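> here is the input, now give the coordinates:
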Amino acid sequence: MRAGRRCPPAWRRRAIAAVVCIATALTVSAATASAAGPPRLGVHAAALIEETTGQPLYGMNAGTEVAIASTTKLMTALVTLHHARLGDMFTDPNYYPASEDSQIGLRPGERMSVHDLLIAMLLPSADDAAEDLAYNVGHGSVARFVAMMNARARELHLTHTHYTTPIGLDTPGNYSSAQDLVALARYDVRSQPFLRTVVGKRGAVLRTGDHVRAVTNLNDLVGRYWWVNGVKTGHTLEAGYVLVASGTRDGMTLIGAVLGTSSEAGRDAAALALLDYGFANFRLQTPVHRGELLARPLVKGEKDARARLVAASTYTHVFPRSAGVRVRVRAPAELAGPLPAHTVVGSAVVTAGGRVLARIPLELAQALPKIPTQQTPKSDVVLSATLSGLVLAAAAAIGLKMFWRGSTRG
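All right, here's what the predicted structure looks like:
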């Protein structure tokens, strides 16, 4: 979406200083990332998280409520996919976008698939495609669709987000924050494989509608940098230039948002600097895996027998690259049965930089039986002697009886 066609008074929710223009070339981003401290972005607000864990890695006015332009469409896409199928065909309503708005030139009554409308809305950020989706999913009411957007925001605990448009025009009450935007983008790409695939495309061909259309992704970082794979651009007079960007390197995916730059070049430079900072200073590690054997204590009463203690869960975390990660196992040296399988008998303590970050329970991989009762050699001797005595006594009694019988007969 280009400059909004409506220019209301300055938004009362936003009290942020004027934008500092970024005219630096994109090549400085790598140098910025190598610095020990956070990057200087020159934006109104920014946030950075790791996708797998959702851990926040950087924030600048991250909770401030600001205009977000077409990144609003991240919620429009999510609500659409919850209420429509990709193969559904929608009829375009009587919506006439301003000439300066991003659009694919839909005509009233033209029929296009939800699949193609979503691509048109996410890549070239077509306002007419967003309006088409909202009108049809809202059963003829864009206002009803916007209410669905706000309900979904509450469900996702986006506490600094509110919508008044499915497009992202500069309308009062349509706002979000950097931290909410990265959280929403994370949810979108993790819960909707279709969205993850689309936002990583450089372009696409739309084959439904009155004619074939070729569209291009306005996020020009996709394709220019092999590791960049999303997510959504935005621009209005109120919001400035906005970008929610994601990238993957060395098995770690980061999602960052920069809001309020004064140019596309500044937007791209800030987004790259933010992502580069994250990759240069953090790493994703799994120091403990579920089922991993971490201790083998002795079993009481069984010679050379050992129990197997395994981790009860997996622990994955984003660690500073400068921090030494250690796992300390705390478990008894000896165990006595009976103990059922999965009994918790210790823990694995994960530390980084001297701080305890997690305690993972250790559990028995297999049950320990009760220690069998054993008899000593002395007991065996006593028993043997007792049995011998009984046998001799019985024999003597039998012999004596036979003797008396013989005496009586003579």
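> over to residue 244: give its phi and psi.
phi -100, psi 110 (degrees, to the nearest 10).
> ok, now which ones touch it?
71, 74, 181, 182, 185, 230, 231, 232, 255, 256, 257 (C-beta atoms under 8 Å, 6 or more residues apart in numbering). From N, CA and C alone the C-beta is placed, and that goes for glycine too.
> can you give me the helices in this protein?
29-34, 73-83, 114-122, 127-137, 142-155, 178-191, 193-199, 264-281, 377-409 (DSSP state H).
> show me what the fifth one packs onto, helices and strands only.
Okay, so that is helix 142-155. Judged by 3 or more C-beta pairs under 8 Å, 6 or more residues apart in numbering; DSSP states H and E, helix 142-155 is in contact with helix 73-83, helix 127-137.
> can you point out the buried residues in it?
For helix 142-155, a neighbour-count test (16 or more other C-beta atoms under 10 Å) marks 142, 145, 146, 148, 149, 150, 152, 153 as buried.
> residue 37 and residue 301: what is the separation?
Between residue 37 and residue 301 the distance is 59 Å, computed by C-beta to C-beta, to the nearest Å.
> the more surrounded of those two?
Neighbours of residue 37 and residue 301, each counted by other C-beta atoms under 10 Å, are more numerous for residue 301; the result is 16 against 8.
> so where's this structure shaky on pLDDT?
By pLDDT under 70, the weakly predicted segments of the chain are 1-36, 97-100, 373-410.
> per-domain residue ranges of it.
Under the assignment automatic domain parsing, the domains of the chain span 26-284, 289-364.
> any chance of those in a markdown table with distance to residue 371 as columns?
As requested, the domains of the chain are exported to a markdown table (distance: least, C-beta to C-beta, whole Å):
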| stretch | distance to residue 371 |
| --- | --- |
| domain 26-284 | 44 |
| domain 289-364 | 4 |
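> ranking the ones you listed by burial, who's on top?
The highest mean neighbour count among the domains of the chain, using mean count of other C-beta atoms under 10 Å, belongs to domain 26-284: a mean of 20.
> from the buried residues of helix 142-155, which is closest to residue 115?
Nearest to residue 115 among those, counting by C-beta to C-beta, is residue 145 at 18.4 Å.
> quick check: the closest one vs residue 130, distance?
Taken as C-beta to C-beta, the span from residue 145 to residue 130 is 10 Å.
> ok, the closest residue to residue 183 other than its chain neighbours - contacts?
Closest residue in space to residue 183, ignoring its immediate chain neighbours: residue 158 at 6.5 Å, by C-beta to C-beta, 6 or more residues apart in numbering. If you count contacts by C-beta under 8 Å, 6+ apart, residue 158 has them with 176, 180, 183, 184.
> so the residue nearest to the last one when sequence neighbours are not counted versus residue 153, what's the distance?
Ranked by C-beta to C-beta, 6+ apart and with sequence neighbours excluded, the top spatial neighbour of residue 184 is residue 74, at 5.3 Å. When C-beta to C-beta is the yardstick, residue 74 and residue 153 sit 11 Å from each other.
> ok, now residue 250?
With distances taken as C-beta to C-beta, residue 250 is found 33 Å from residue 153.
> cool, and residue 106?
Distance, residue 106 to residue 153, using C-beta to C-beta: 27 Å.
> again, but for residue 322
Distance of residue 322 to residue 153, computed by C-beta to C-beta: 37 Å.
> what's the closest of the buried residues of helix 142-155 to residue 80?
Nearest to residue 80 among the buried residues of helix 142-155 is residue 145, at 8.7 Å by C-beta to C-beta.
> what residues are up against the residue most central in space within the chain?
Geometric centre of the chain, nearest residue: residue 52, 3.5 Å, by C-alpha atoms, centre = their mean. By C-beta under 8 Å, 6+ apart, residue 52 lies in contact with 252, 253, 284, 316.
> test of understanding: give the bridge partners of the closest residue to the first one other than its chain neighbours.
Using C-beta to C-beta, 6+ apart and skipping residues adjacent in sequence, the residue nearest residue 252 is residue 284, 4.1 Å away. According to DSSP bridges, residue 318 are recorded as the beta-bridge partners of residue 284.
> residue 284 and residue 255: what is the separation?
To residue 255, residue 284 is 13 Å away according to C-beta to C-beta.
> what is in contact with those two at once?
Residues touching both residue 284 and residue 255 by C-beta under 8 Å, 6+ apart: residue 50.
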